[in-house]
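[1] what's the 3D shape of this:
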Amino acid sequence: MRRQWIKLTVIAVAASALPLLAAAQSAAKTPTWPSQPLRIIVGFPGGSSPDLTARTLAEPLSKALGQPVIVENKVGAGGNIAADHVAKATDNHTLGLMINGNLTTAKLLNPKLPYDPLRDLLPVSLVGVSPLVLMAPKTAPGTNAQTFLAAAKQAGSTWNYGSPGVGTVGHIGMELFKSKTGTQPVHVPYPGYAQVATAMIGGQLQLSMLPPALAMAQVKGDKLRAIGVTSSGRSALAPELPSMAEVGVPDFNLEIWNAVAAPKSMPPAIVAQLAALVSDIARTPEVRQKLFAQGWQVVGSSPEGMTKRIQADTLLFGGIIKTLGVANQ
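    Residues are numbered from 1 along each chain as shown. Take a look at the predicted model:
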């Protein structure tokens, strides 16, 4: 009887292990991820701030994953063409390096947008944050910030300002600036911040808000003039520049940020793996230094942390859009 009981027990244990063995064999046959090169889609031109960030992350991400990471530029509509491309990707190997607007205000500004940031995209990791710098041509009137702002107010709609597209922080920030200062420059959208700077140097624009790295390069090259940063206080990225409050524009605090996002179809396990990798890579001393030189203070976040930032900025920028009637200006 004892032998029969042992035999039955062995058979039962073996039988119970069969499903686990089958599952293990099935998993072993499933290709590991990533199984092909990854693509990071950027909605702005080569050399732009998002493009540089994507390329800074691409090499260490490729080493960590053992696959090439290719940066592709799909320019237009303030980055929304690229965001739509990412939203529709189904290969589990496509990511986007995006700015605030693509993940917050895009649908508020254009209800006909072909993608919905909340429905079609997944936050992966916030990479870096930065204020903008209010810029003017080198030959702008006024000997200081206050006299320049007085000249801008007097100019009315004869002045133009540039941004990298409708709904970007460069656009919304300037509209908020107009409402707080009584100035009325006309919006002219460009493909990216670099093109805005070029237009300012060429005399087509009299105002803009540029990322610190680009702004300070123009100032050091004696091509443009910096008025102040859009943060509530001075920024470590450009500590020599006054805040908006210091130049007479109180309660002004706007930041740009960039982040990695994925299609909604990407499996949660892959998103979690990518979030940890991107966050860790961004915080390494080498990458942190590169991003700082590009004008970013590194954050590196979990998908949950990025979701909270999206929610907060959607509320902030949404309020500005509704209050000021900013839509396709």
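
[2] Can you pull out the low-pLDDT segments for the chain?
    Scanning the chain for pLDDT under 70 picks out the ranges 1-31, 327-329.

[3] Walk me through the domains of it.
    The chain resolves into domains spanning 38-130+256-324, 133-247 when parsed by automatic domain parsing.

[4] mind checking which of these is nearest Thr32?
    Nearest of those to Thr32, taken as CB to CB: domain 38-130+256-324 at 9.5 Å. Where you see a C-beta, it was placed from the backbone N, CA and C, and this is true even at glycine.

[5] before we move on, the earlier item: can I get the domains of the chain in a markdown table with distance to Thr32?
    Shown next, in a markdown table, are these (distance: least, CB to CB, whole Å):
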| stretch | distance to Thr32 |
| --- | --- |
| domain 38-130+256-324 | 10 |
| domain 133-247 | 37 |
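
[6] export those domains to a markdown table and tack on mean neighbour count?
    As requested, these are exported to a markdown table (neighbours: other CB atoms under 10 Å):
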| stretch | mean neighbour count |
| --- | --- |
| domain 38-130+256-324 | 20 |
| domain 133-247 | 19 |
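
[7] give the contact list for Asp91.
    Counting by CB atoms under 8 Å, 6 or more residues apart in numbering, Asp91 makes contact with Gln36.

[8] a strand runs through it, doesn't it?
    No: going by DSSP: H, G, I helix; E, B strand; the rest coil, the assignment for Asp91 is coil, not a strand.

[9] Sketch out the helices for the stretch 201-329 of the chain, chain order is fine.
    Counting by DSSP state H, counting those that start in this stretch, one finds helices in the stretch 201-329 of the chain at the ranges 212-220, 268-283, 285-293, 303-324.

[10] Not counting its own residues, what contacts the first one?
    So the one you mean is helix 212-220. 49, 130-133, 135, 193-194, 197, 200-201, 210, 224-226, 229, 235, 237-238, 293-295.

[11] try it again with 6 Å
    The contact list for helix 212-220 (CB atoms under 6 Å, 6 or more residues apart in numbering) reads 130, 133, 135, 193, 197, 224, 226, 237-238, 294-295.

[12] Lys107: which of these is nearest?
    Tyr193 (22.9 Å).

[13] Now do the contacts for Thr183.
    Shown in contact with Thr183 (CB under 6 Å, 6+ apart): 152-153.

[14] Looks to me like it is in a strand.
    No: under three-state DSSP, Thr183 falls outside any strand and is assigned coil.

[15] returning to that earlier point: distance to Met244 added to the helices of the stretch 201-329 of the chain, as CSV?
    Output for those, formatted as CSV (distance: least, CB to CB, whole Å):
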stretch, distance to Met244
helix 212-220, 14
helix 268-283, 28
helix 285-293, 22
helix 303-324, 15
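
[16] Can you check which of these gets nearest to Gly66?
    With CB to CB, the closest approach to Gly66 among the helices of the stretch 201-329 of the chain belongs to helix 268-283: 11.8 Å.

[17] So Lys138 sits against Gly221, correct?
    No: counting by CB atoms under 6 Å, Gly221 is not a contact partner of Lys138; they are 9.7 Å apart.
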